[in-house]
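Asker: next come a sequence and a model predicted from it.
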Amino acid sequence: MCGRFALTASPEEVREILGLLELEDFPARYNIAPTQPILVAIAAASHEPGSNRPDRKAQLVRWGLIPSWVKDPKDFALLINARSETATEKASFRAAMRHRRILIPASGFYEWHRPAKESGDKPQAYWIRPKHGGIVAFAGLMETYMSADGSEIDTGAVLTVAANQTMAPIHDRMPVVIQPEDFARWLDCRNLEPRDVQDLMRPADEDVFEAIAVSDLVNKVANVGPELQTPVAPREELKKPAPKKPDSGQMSLF
């Protein structure tokens, strides 16, 4: 899953990489948490086919998707993540997968490795960042919720997928990362249905991220400085998953 992330790149870098029409200045954010506003990119409705100019708009949404059919958000679970394998089937995400796919820029995300209960150790926080620097774009979904008093709020969730071999020792899930060459496909909800972009919802390549153990400071939402990403010695060494056995091509009853 993805429960915290960061966006510390400059507005200029984010605007250029995502191809945004415009983007206001914003401060570096080292500890973005659920229910907080997050920056997302959506397809611009006025884009002209064949145009080389930027064709995406920046928007702020609340992290925590609320489906349009919810009567009272107080009685509804906070949906910060959506499983990519079932998002097209779930009532909470089905409409957004078809009509409101978004990109969520991030400088990296945090994940916690939970040791065996008998060890007595606390979960170890890790800062997962692009190995070669820069930012990545998470696949996301957006819904606009209208409350009983007529007020509207834009909300969003991060799509997740089974972890790759790099992430698996820490957690069994990770955010879906959309590559720049696939931004247009992912955002094109006019012409492409969920089945047309299903191939994009896969684990990131093994050389995309690196994991750095960090302190427990990230656990508290009130901590928002760069010290959250200072490396520390991990409490225990991560165990790499056993390599998959090659498929012999022979059927087995066991």
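Answerer: Done, it's in. Because the structure is predicted, anything quoted here is derived from the model rather than measured.
Asker: from residue 37, how far out is the residue nearest to residue 33 when sequence neighbours are not counted?
Answerer: Spatial nearest neighbour of residue 33, excluding adjacent residues (Cβ to Cβ, 6 or more residues apart in numbering): residue 221 at 4.7 Å. Yep, even glycine has a C-beta here, placed from its N, CA and C like the rest. Residue 221 sits 13 Å away from residue 37, going by Cβ to Cβ, to the nearest Å.
Asker: show me the shaky parts of this structure.
Answerer: Counting by pLDDT under 70, the chain shows low-confidence ranges at 1, 46-54, 240-254.
Asker: what's the single longest helix in it?
Answerer: helix 11-18 (DSSP state H).
Asker: give me the buried positions along it.
Answerer: 11, 14, 15, 17, 18 (16 or more other Cβ atoms under 10 Å).
Asker: where do the strands sit along the chain?
Answerer: 4-7, 29-32, 37-43, 56-63, 81-83, 101-106, 108-113, 124-130, 136-146, 152-162, 173-175, 177-178, 209-214 (DSSP state E).
Asker: now for the fifth one, which elements pack on it?
Answerer: Secondary-structure packing of strand 81-83 (3 or more Cβ pairs under 8 Å, 6 or more residues apart in numbering; DSSP states H and E): strand 152-162.
Asker: what residues of the strand it packs on count as buried?
Answerer: Across strand 152-162, burial judged by 16+ other Cβ under 10 Å covers 154, 155, 156, 157, 158, 159, 160, 161.
Asker: how much space is there between the last one and residue 131?
Answerer: From residue 161 across to residue 131, the span is 18 Å (Cβ to Cβ).
Asker: ok, how many other residues are close to the residue nearest to residue 33?
Answerer: Counted with other Cβ atoms under 10 Å, the neighbours of residue 221 add up to 13.
Asker: surely residue 158 touches residue 4?
Answerer: No. Residue 158 is beyond contact range of residue 4, at 10.8 Å (criterion: Cβ atoms under 8 Å).
Asker: anything in contact with each of these two?
Answerer: Shared contacts of residue 158 and residue 4, defined by Cβ atoms under 8 Å, 6 or more residues apart in numbering, are absent.
Asker: how far away is residue 154 from residue 147?
Answerer: Note on residue 154: its distance to residue 147, by Cβ to Cβ, is 13 Å.
Asker: no no, residue 159
Answerer: Counting by Cβ to Cβ - residue 159 and residue 147 are separated by 25 Å.
Asker: hang on, the earlier thing: go through the buried residues of strand 152-162 and name the one nearest residue 225.
Answerer: Nearest to residue 225 out of these is residue 158 (Cβ to Cβ; 23.3 Å).
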